[in-house]
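Student: the following block contains a protein sequence and its predicted model.
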Number of protein chains: 2
Amino acid sequence: MARKTKEDAELTRQRIIDAARVVFLSRGVSRTSLEHIAVQAQVTRGAVYWHFKNKTDIFYAMRDQVFLPLIDRMDDTLATENLEDPLTQIEHSLSDTINDLNQNIEMRQTYEIMMIKCEYVDEFATVLQQIIHNCANITDKFELAYQRASTQGILAAGHTSRALALDTHLFFSGLLHMWVKDTDGTRFRYQAIDLIKAHINLRRK
Amino acid sequence: MARKTKEDAELTRQRIIDAARVVFLSRGVSRTSLEHIAVQAQVTRGAVYWHFKNKTDIFYAMRDQVFLPLIDRMDDTLATENLEDPLTQIEHSLSDTINDLNQNIEMRQTYEIMMIKCEYVDEFATVLQQIIHNCANITDKFELAYQRASTQGILAAGHTSRALALDTHLFFSGLLHMWVKDTDGTRFRYQAIDLIKAHINLRRK
DNA sequence: TATTATACAAACAAGAATGAATGTAAACTA
DNA sequence: TAGTTTACATTCATTCTTGTTTGTATAATA
């Protein structure tokens, strides 16, 4: 077969990642063979092995494409330089993520794969640690924002910013999980933004 | 080999379920073969196939042993006949579950398997629907309790009991997920009870 | 333009894993 | 107590999957 140019090869690589996402979603990561991915990508396993070491390697590539930009974005929204009031910052950092999920199919699929179509054992166990670590970072950002809100006097009294941050983080973890599982959309997807608003309003003075 | 009495056979069946739980936990459900389970249970695959149709069948048996009693217990705690004030009822229904997780190894393992060692595709997809359904039931119970709290005038004003119930449910979903993932205990396990208390106090007048 | 490295396809070998079939000794039952 | 069923162990045939190897046409390069 004809050799491809570098651009074509990069395209093939991306096709394999896209194919993997689709197949992971419908068959689960474990039950997906490299042959499944190859067929979906309309290449042979040879091509897959050329671009990736193994299935885990593909999984990581797929994840990074979605999560690396996402984390950056969330950090930006919660940054001190942002001009909104801190509670609105928190609210937007959450609702922006939900809006992303609504608009970006790849992100939605990747979330679903990582939450309910993947088993975190062996080579995948480290992924969990990374998730925990990211969660801890975001919780810290929430805490700082709540501290600023407290200083600005817009926060209901009687609660530490640490406790509020943890509560918000747990709320949002739960929301993401239910959002993903609620595939018909009736229970959580359509009202996620309202739930976020209500959650934040509970804290406003 | 010598045939066992009925009691012995039932014991074997339970040994297989226990073995499956242990192996599921360390290898993940998908990567676990019936041979793995058989070895752990110190029987042959013949015995496993005698007691169970296949791996899915074992999975369901394992789940039911933990979840059926749990749901009943939670329902009881949230029942109208319960003498505690409604907010304390909600708090206890949550903290009781956490205490269970702390004390009951089988429950802890089963939760971990179902959350991060299982892919919800094909035969397992229905499990997700059942989970969603149970969650909806519990949220409804929360809502009723919040309504009672509102009537009794112990609730902070300005929020619908529906919104509060959903927020509590999402908080607790998130907490369970993080509790399970926090295997070294430092981030969530040791302070789960306090987080629950803080969550409820946010709602108290 | 001759050479080399690339981007795959195709073929190969070996190891799981599954479900079914068969065997069997002892518990149960009529 | 003879016959039947139970509770498994053992064996078999088949399918999947993986990683590697080999082959090859062509882009890139010197």
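Tutor: Received the coordinates, thanks. In this text the structure is predicted, and so the values were computed from the model without any measurement.
Student: are stretch A:153-173 and chain B in contact anywhere?
Tutor: Yes. Figure legend: stretch A:153-173 in contact with chain B (Cβ under 8 Å from any Cβ of the partner chain); contacting residues A:Gly158, A:His159, A:Ala163, A:Leu166, A:Asp167, A:His169, A:Leu170, A:Phe171, A:Phe172, A:Ser173. From N, CA and C alone the C-beta is placed, and that goes for glycine too.
Student: I'd guess the fourth one is in a helix, am I close?
Tutor: Yes. With DSSP: H, G, I helix; E, B strand; the rest coil as the criterion, A:Leu166 is located in a helix.
Student: so who does it touch?
Tutor: A:Thr139, B:Leu195, B:Ala198 (Cβ atoms under 8 Å, 6 or more residues apart in numbering or on different chains).
Student: can you tell me which of those residues are in helices?
Tutor: A:Thr139, B:Leu195, B:Ala198 (DSSP state H).
Student: where does the residue in chain A that DNA strand C sits nearest to sit, in terms of helix or strand?
Tutor: Of all residues in chain A, A:Gly46 sits closest to DNA strand C, at 2.2 Å by Cβ to the nearest atom of the strand. With elements taken from DSSP states H and E, the one containing A:Gly46 is helix A:45-51.
Student: distance from the chain centre to the very next helix or strand once past that helix, please.
Tutor: Next in sequence after helix A:45-51, counting helices and strands by DSSP H and E, comes helix A:55-77. Remark: helix A:55-77 is offset 7 Å from the chain centroid, using Cα atoms, centre = their mean, to the nearest Å.
Student: helix A:55-77 close to DNA strand C?
Tutor: No. Under the criterion of Cβ under 7 Å from any atom of the strand, helix A:55-77 makes no contact with DNA strand C; the nearest approach is 14.0 Å.
Student: quick one, helices of chain A?
Tutor: A:6-27, A:34-41, A:45-51, A:55-77, A:86-103, A:105-116, A:125-151, A:161-181, A:192-201.
Student: what is the neighbour count of the closest residue in space to A:Asp167 that isn't next to it in sequence?
Tutor: Counting by Cβ to Cβ, 6 or more residues apart in numbering or on different chains, B:His199 is the residue found nearest to A:Asp167 once chain neighbours are left out, at 5.5 Å. Applying other Cβ atoms under 10 Å in any protein chain shown, we find 22 residues neighbouring B:His199.
Student: wait, B:His199 sits on B:Phe171?
Tutor: Yes. Counting by Cβ atoms under 8 Å, B:His199 does reach B:Phe171; the two are 5.4 Å apart.
Student: anything in contact with each of the two?
Tutor: A:Asp167.
Student: filter the contacts of A:Leu166 down to the buried ones.
Tutor: The neighbour-count test (16 or more other Cβ atoms under 10 Å in any protein chain shown) marks A:Thr139, B:Leu195, B:Ala198 as buried among the contacts of A:Leu166.
Student: between these, which is closest to B:Thr77?
Tutor: B:Leu195 (18.1 Å; Cβ to Cβ).
Student: check contacts around the closest one.
Tutor: Contacts of B:Leu195 (Cβ under 8 Å, 6+ apart): A:Ala163, A:Leu166, A:Asp167, A:Leu170, B:Leu175, B:Phe188.
Student: do you know how far the fourth one is from A:Pro69?
Tutor: Using Cβ to Cβ, to the nearest Å, one gets 24 Å for the distance from A:Leu170 to A:Pro69.
Student: between those two, who's got more neighbours?
Tutor: Between A:Leu170 and A:Pro69, counted using other Cβ under 10 Å, the more crowded position is A:Leu170 (27 against 12).
Student: need the contact list for the more buried one.
Tutor: B:Leu170, B:Phe171, B:Phe172, B:Gly174, B:Leu175, B:Met178, B:Leu195.
Student: spatially nearest residue to the first one, not counting backbone neighbours?
Tutor: Pointing back at B:Leu170 there. In space, B:Leu170 is closest to A:Gly174, 3.5 Å off (Cβ to Cβ, 6+ apart).
Student: quick check, the helix or strand of chain A with the lowest mean pLDDT touching chain B?
Tutor: When the helices and strands of chain A are scored by mean pLDDT, DSSP states H and E, helix A:55-77 comes last with a mean of 93. No. Contact of helix A:55-77 with chain B (Cβ under 8 Å from any Cβ) is absent, the minimum separation being 12.1 Å.
Student: thinking again about what came up before, just the helices of chain A: most buried one?
Tutor: Highest mean neighbour count among those (mean count of other Cβ atoms under 10 Å in any protein chain shown): helix A:161-181, with a mean of 23.
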